[in-house]
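Novice: Could you look at this predicted model? Sequence included:
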Amino acid sequence: MPLDPILFMGGSGAIGQHTARALRAVHPDVPLLIGGRDLARAQQAAEQIGGALGVAIDPKADDLGLGDRQISAVVVFYMDHALAGLRYAQTQGVPHLSISSGIFEIAPEIATYMHRPDAAPIVLGYEWMVGATTVSTLHIAKAFARVHDITVNALVDEQDSGGPTVAADFEHLSKMLPAALTRRDGAYIWREGDDARVSFRAVDGTRMEANGFSSIDVVGLAAATGAPNVQFNLASGVSSTRRQGRPKSTEIIIELAGEDLQGQPLRTRHAVVHPAGAALLTGLSVAMLLERLLGLDGQPPTPPGLYFPYQLLDACAFLKRLEQEGGQLSALQV
């Protein structure tokens, strides 16, 4: 049966276009609606993507201005403070995935879900790179019987802006929440000031100055592993590949400590690297989530519920696709 179009709200930006390419690479016939307030820009992006249609979005209208048009899913690539996309997805009974809200802004979405829990699957896609970090971390954690400490250090190349929408979202997050949600000794705390300033070694060993960041990865990884100590830190600078004279990349350094399956102390250090930057890695994650939500991967579509990305993404399949794109999850020296 032909699939109804997937609605990309704000899909004319870099991440939306990379998502479309990643999805089309495996499913070339999936129809797309590129929605935005600026119809001309949406149409231009749709033409560049190919096989897509640009449409005007009216967030104040119950039907988003789409009338009786049928869709199969809604993806929101910007901060939808009015939850227009979520309400529309619930009305249509189709999956909803939003990637831009902060950890402090999920209450409205959770409340909306709680009042209609059987309407549609809703994905809180606010993990770093929309699941690339948590999926990789939980894959590594399989070597542990017990995880005590999880430290995630993300390095974004200073040339990897991601476009104006991403920049505006980060500015909003920085203003609203300067402290960093962290789990320490089993309790959730807020790191700020000197307590939030850290340093870590990039893939090439260069010491990077970083600050704590309130990523929802912290609560997801703590819940999934039971680790009493979980923190996320973010640095901006020159990525390891660019220091080597190559194009920019995005790096995620994952450090775990605990006990192995035999009860012996174990420490690991890995890196997730995508050679083309943050937008392409994010687009890959969003594309694979859509495949899982809609059953394009050959499995039944995802039933209604509230999900983290790592609960839907298969680690082996994700890492295989990452490698096909030139990225990798690799072990580093502890």
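Specialist: Right, received. Where do you want to start?
Novice: Tell me where the stretch 1-150 of the chain has strands.
Specialist: 6-9, 32-36, 52-56, 73-76, 96-98, 121-124, 144-157 (DSSP state E, counting those that start in this stretch).
Novice: Now render those strands as JSON lines, adding distance to Leu290 and mean pLDDT.
Specialist: (Each C-beta comes from the backbone N, C-alpha and C, glycine too.) Listed next are those as JSON lines, based on distance: least, CB to CB, whole Å; pLDDT from 0 to 100:
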{"stretch": "strand 6-9", "distance to Leu290": "6", "mean pLDDT": "98"}
{"stretch": "strand 32-36", "distance to Leu290": "10", "mean pLDDT": "96"}
{"stretch": "strand 52-56", "distance to Leu290": "14", "mean pLDDT": "96"}
{"stretch": "strand 73-76", "distance to Leu290": "6", "mean pLDDT": "98"}
{"stretch": "strand 96-98", "distance to Leu290": "7", "mean pLDDT": "97"}
{"stretch": "strand 121-124", "distance to Leu290": "10", "mean pLDDT": "97"}
{"stretch": "strand 144-157", "distance to Leu290": "24", "mean pLDDT": "97"}
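Novice: Turn the ones you listed into TSV, columns for distance to Asp185.
Specialist: Formatted as TSV, the strands of the stretch 1-150 of the chain follow (distance: least, CB to CB, whole Å):
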stretch	distance to Asp185
strand 6-9	41
strand 32-36	45
strand 52-56	50
strand 73-76	36
strand 96-98	32
strand 121-124	26
strand 144-157	10
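Novice: Keeping just the C-alphas, turn the longest helix anywhere in the chain into CSV.
Specialist: As assigned by DSSP state H, the longest helix anywhere in the chain is helix 278-294. The C-alpha trace of helix 278-294 is given here as CSV (Å, rounded to 0.1, in the frame of the first residue of the first chain):
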residue,chain,number,x,y,z
ALA,A,278,26.5,17.2,13.2
ALA,A,279,23.6,17.8,10.7
LEU,A,280,24.3,14.7,8.7
LEU,A,281,24.6,12.5,11.8
THR,A,282,21.3,14.0,13.1
GLY,A,283,19.7,13.4,9.8
LEU,A,284,20.7,9.8,9.8
SER,A,285,19.2,9.3,13.2
VAL,A,286,15.9,11.0,12.3
ALA,A,287,15.6,9.0,9.1
MET,A,288,16.1,5.7,10.9
LEU,A,289,13.6,6.6,13.5
LEU,A,290,11.0,7.3,10.7
GLU,A,291,11.8,3.9,9.2
ARG,A,292,11.1,2.3,12.6
LEU,A,293,8.0,4.4,13.4
LEU,A,294,6.4,3.6,10.0
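Novice: out of the strands of the stretch 1-150 of the chain, which comes closest to Gly263?
Specialist: Each of the strands of the stretch 1-150 of the chain has some distance to Gly263 by CB to CB; the shortest is strand 144-157, at 6.4 Å.
Novice: So for the closest one, what gets flagged as buried?
Specialist: By 16 or more other CB atoms under 10 Å, the buried positions in strand 144-157 come out as Phe144, Val147, His148, Asp149, Ile150, Thr151, Val152, Asn153, Ala154, Leu155, Val156, Asp157.
Novice: And for stretch 117-126?
Specialist: Ala119, Ala120, Pro121, Ile122, Val123, Leu124, Gly125, Tyr126.
Novice: Please enumerate the helices of the protein.
Specialist: Using DSSP H, helices in the chain cover 14-26, 39-49, 84-92, 107-115, 132-140, 164-176, 217-225, 240-243, 278-294, 315-324.
Novice: Just send those back as TSV, with mean neighbour count, distance to Ala202 and mean pLDDT too.
Specialist: Compiled in TSV, these are given as follows (neighbours: other CB atoms under 10 Å; distance: least, CB to CB, whole Å; pLDDT from 0 to 100):
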stretch	mean neighbour count	distance to Ala202	mean pLDDT
helix 14-26	22	23	93
helix 39-49	17	33	94
helix 84-92	21	36	97
helix 107-115	13	34	94
helix 132-140	24	16	98
helix 164-176	14	20	57
helix 217-225	21	19	97
helix 240-243	17	5	95
helix 278-294	26	15	96
helix 315-324	16	19	97
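Novice: Reformat the ones you listed as CSV; add distance to Leu266.
Specialist: Listed next are the helices of the chain as CSV, based on distance: least, CB to CB, whole Å:
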stretch, distance to Leu266
helix 14-26, 34
helix 39-49, 45
helix 84-92, 41
helix 107-115, 35
helix 132-140, 11
helix 164-176, 34
helix 217-225, 13
helix 240-243, 25
helix 278-294, 27
helix 315-324, 19
